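>>> please work out how this folds:
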Amino acid sequence: MADMTNDSTRRLVSKKQTLDDAYAAPANFLEIDVVNPITHGVGNKRYTDYEVRMRTNLPVFKVKESSVRRRYSDFEWLRNELERDSKIVVPPLPGKALKRQLPFRGDDGIYEEEFIEDRRKGLEVFINKVAGHPLTQNEKCLHMFLKEIQIDQHYTPGKITQI
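All right, here's what the predicted structure looks like:
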């Protein structure tokens, strides 16, 4: 039987991976951590905010590293903006925990460490799902959320233009 191998069906020869390749920075990455929750204020003026750290080499982000502090309400703002302006199904945020805000509780309610840690984890999952989606990566609201110290809630919605 004659060898019938032709160029279109021949096996690809792969290049052997070197240690430098294996441990080099990934081609494209976007890392977002929600860390360091801090509760501020007293009484009914208390609130907790979280540090949102971003590192990336994606071309759509001009700033490659940032760190901002965000409250739960800022995450709600981002979710509402994306739901209104983007073409994706926006994942849910961790719950509001309304029962934990009732008066006369025997604990600290939404200011208990365990609750804050659970919420922090949920917010981290949310922001990574949202920012990891290619259709949201060029939304102005996401860039503002991740990079700007103050969120301008009167901004003009739209896409980031790459120059």
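>>> tell me if Glu124 really is in a helix.
Yes - counting by DSSP: H, G, I helix; E, B strand; the rest coil, Glu124 falls inside a helix.
>>> for this protein, just list every one of the strands.
Here the chain has its strands, by DSSP state E, at 30-40, 47-56, 65-71.
>>> given the longest one, what are its sheet partners and their directions?
Think strand 30-40. Counting by DSSP bridges, the strands paired with strand 30-40 are strand 47-56 (antiparallel).
>>> tabulate the strands of the chain (JSON lines), appending mean pLDDT, distance to Ala131 and mean neighbour count.
C-beta coordinates here come from the backbone N, C-alpha and C atoms, glycine included. JSON lines is the format used below for those (pLDDT from 0 to 100; distance: least, C-beta to C-beta, whole Å; neighbours: other C-beta atoms under 10 Å):
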{"stretch": "strand 30-40", "mean pLDDT": "95", "distance to Ala131": "6", "mean neighbour count": "15"}
{"stretch": "strand 47-56", "mean pLDDT": "95", "distance to Ala131": "8", "mean neighbour count": "18"}
{"stretch": "strand 65-71", "mean pLDDT": "97", "distance to Ala131": "12", "mean neighbour count": "16"}
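>>> from Leu12, how far off is Asp85?
Distance of Asp85 to Leu12, given as C-beta to C-beta, to the nearest Å: 42 Å.
>>> Thr39 now?
Thr39 sits 56 Å away from Leu12, going by C-beta to C-beta.
>>> in space, not sequence, find me the middle residue of this protein.
In the chain, the centroid-proximal residue (C-alpha atoms, centre = their mean) is Ile127; its distance is 2.6 Å.
>>> what residues are up against it?
By C-beta atoms under 8 Å, 6 or more residues apart in numbering, Ile127 lies in contact with Ile32, Val34, Val52, Phe75, Leu78.
>>> let's see 6 Å
Applying C-beta atoms under 6 Å, 6 or more residues apart in numbering, one finds that Ile127 lies in contact with Ile32.
>>> ok so, going back, Glu114 is nearest to which of the strands of the chain?
Closest of those to Glu114 is strand 30-40, at 11.7 Å (criterion: C-beta to C-beta).
>>> off-centre distance for the closest one?
11 Å (C-alpha atoms, centre = their mean, to the nearest Å).
>>> what lies in contact with that strand?
The contact list for strand 30-40, computed with C-beta under 6 Å, 6+ apart, reads 47-48, 50-56, 58, 111, 116, 120, 123-124, 127-128, 131.
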